[in-house]
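Undergrad: Generate a structure from the sequence data that follows.
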Amino acid sequence: MSFLKNSFAAWACALIILLVLIWFSLFTGVKDVRFLDLFGDGDKLVFFVVSRIPRTLALILVGSGVSIAGFVLQQLSQNRFVSPTTSGALEAAKMGILTALIFIPNSSLFVRMLFALGFTFLTSFLFIFFVHKVKLRSTVFIPLIGLMFGSILSAVSTFFAYKHGIVQNTQEWLLGDFSSVMQGQYEAVFLVLPAVAIIYLYADKITIAGMGESFAKSLGLSYEAIVYLGLFVVSMVVSSSVVTVGAIPFLGLIVPNVVSMIVGDNFRRTLPLIAYVGAVFLLICDLMGRLIVYPYEVPIGMIVGVIGSVVFLVLILKRK
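TA: Numbers count the residues shown, from 1 in each chain. Sure, this is the predicted structure:
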């Protein structure tokens, strides 16, 4: 009974923290919008519905989805330092968007997301294939190779962007930024919801697949099918987030690692907590970006990148 009370109290506090952050996110910004204004000022109400609510929803969905996607990649690769950032997935999504802009200049957001999805899935598959084939299974070596792979993809993308004169068009995907999120331009991020639901339904099978191909097959599990499913779901999350708000580095790396250090590695049990911490972390970073140089705004990708790179370095040194 005491345990249940403590658990209930912890989740109640967590919910209060999330609601407080959501409140600040909804009512913080250059345009002064207060709660009572929503009942008497039509213009501010429209702005609130069109801009503030979509931005806050996108922050929660992207924070939760990318964090969980990183956790799935870590399970499938059997490496704690693998994430969309250190596997080349973010760069692949940007390359997919660039390809769509080159071949279909007037492509819709949905078409760009499909291109990003295809490139991300292919890149993630190649990375996992490489992880399983490489003989040197060093904890640090694998993500460093992923970073090098991502740098190559980024260089190729930049070359073709310069060649076709669309460098300016690709800048918005280099750093994550929620300032331009508005109603009618962010709905792709809702793909995170079915993706997370699929991950939760297959949590036990993903855990078994993460223990190795031979172990999974000895239990009668279709290892390849689970790996393909996991990579496809990760690609859905990454592509929908990048095409909506841009790349947010290290989010899928630091959140799963910090949560696992605190509560352990039980995949199914830690999924809700990883989603929660990812959403809270991104909300806090977004508020920091809005307030540091107010009334201007620092892109959230820059803030998360700075914090994430420091945490990544600390984790590497600690593991050594």
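Undergrad: can you list the weak-confidence ranges in the protein?
TA: Within the chain, the segments meeting pLDDT under 70 span 1-6, 135-138, 168-174, 319-320.
Undergrad: Tell me which residue lies nearest the centroid of it.
TA: The residue lying closest to the centre of the chain (Cα atoms, centre = their mean) is residue 66, at 2.2 Å.
Undergrad: residue boundaries of the helices in the stretch 51-200 of the chain?
TA: With DSSP state H, counting those that start in this stretch as the criterion, the stretch 51-200 of the chain has helices at 53-77, 89-103, 109-133, 141-163, 167-170, 192-201.
Undergrad: Return the set of buried residues in the third one.
TA: Okay, so that is helix 109-133. Under the neighbour-count criterion of 16 or more other Cβ atoms under 10 Å, helix 109-133 has 109, 112-121, 123-124, 127-128, 131 buried. C-beta: built from backbone N, CA, C; applies to glycine.
Undergrad: Check the last one too.
TA: Buried residues in helix 192-201, counting neighbours by 16+ other Cβ under 10 Å, are found at 192, 195, 196, 198, 199.
Undergrad: As CSV, the residues you listed with distance to residue 73 would be great.
TA: Output for the buried residues of helix 192-201, formatted as CSV (distance: Cβ to Cβ, whole Å):
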residue, distance to residue 73
192, 15
195, 13
196, 14
198, 15
199, 11
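Undergrad: Just name the closest of the residues you listed to residue 89, please.
TA: Of all those, residue 195 has the smallest distance to residue 89: 13.6 Å, by Cβ to Cβ.
Undergrad: List the contacts of that closest one.
TA: When contacts are counted by Cβ atoms under 8 Å, 6 or more residues apart in numbering, residue 195 touches 65, 69, 233, 234, 236, 237.
Undergrad: and if we set it to 6 Å?
TA: Contact analysis of residue 195 by Cβ atoms under 6 Å, 6 or more residues apart in numbering lists 233, 236, 237.
Undergrad: how many neighbours does residue 294 have?
TA: Residue crowding around residue 294 was assessed by other Cβ atoms under 10 Å; the count is 12.
Undergrad: and the contacts of residue 195, which of them are in helices?
TA: Counting by DSSP state H, the contacts of residue 195 place 233, 236, 237 in helices.
Undergrad: most neighbours, which of those?
TA: Most neighbours among these, by other Cβ under 10 Å: residue 237, with 30 neighbours.
Undergrad: Relative to residue 69, how far out is that one?
TA: For residue 237, the distance to residue 69 equals 4 Å [Cβ to Cβ, to the nearest Å].
Undergrad: next one: residue 149
TA: In terms of Cβ to Cβ, residue 149 sits 17 Å off from residue 69.
Undergrad: and these two? which has more neighbours close in?
TA: residue 69 (31 against 20).
Undergrad: Next up, the contacts around residue 274.
TA: Neighbouring residues of residue 274 by Cβ under 6 Å, 6+ apart: 67, 68, 71, 255, 256, 259.
Undergrad: quick one: the residue nearest to the centre of the chain and residue 251 touch, right?
TA: Yes. With contacts counted by Cβ atoms under 6 Å, residue 66 reaches residue 251, the gap being 4.8 Å.
Undergrad: Helix or strand: which one has residue 255?
TA: helix 251-263 (DSSP states H and E).
Undergrad: So which residues of the stretch 201-320 of the chain form strands?
TA: Assigned by DSSP state E, counting those that start in this stretch, the stretch 201-320 of the chain shows no strands.
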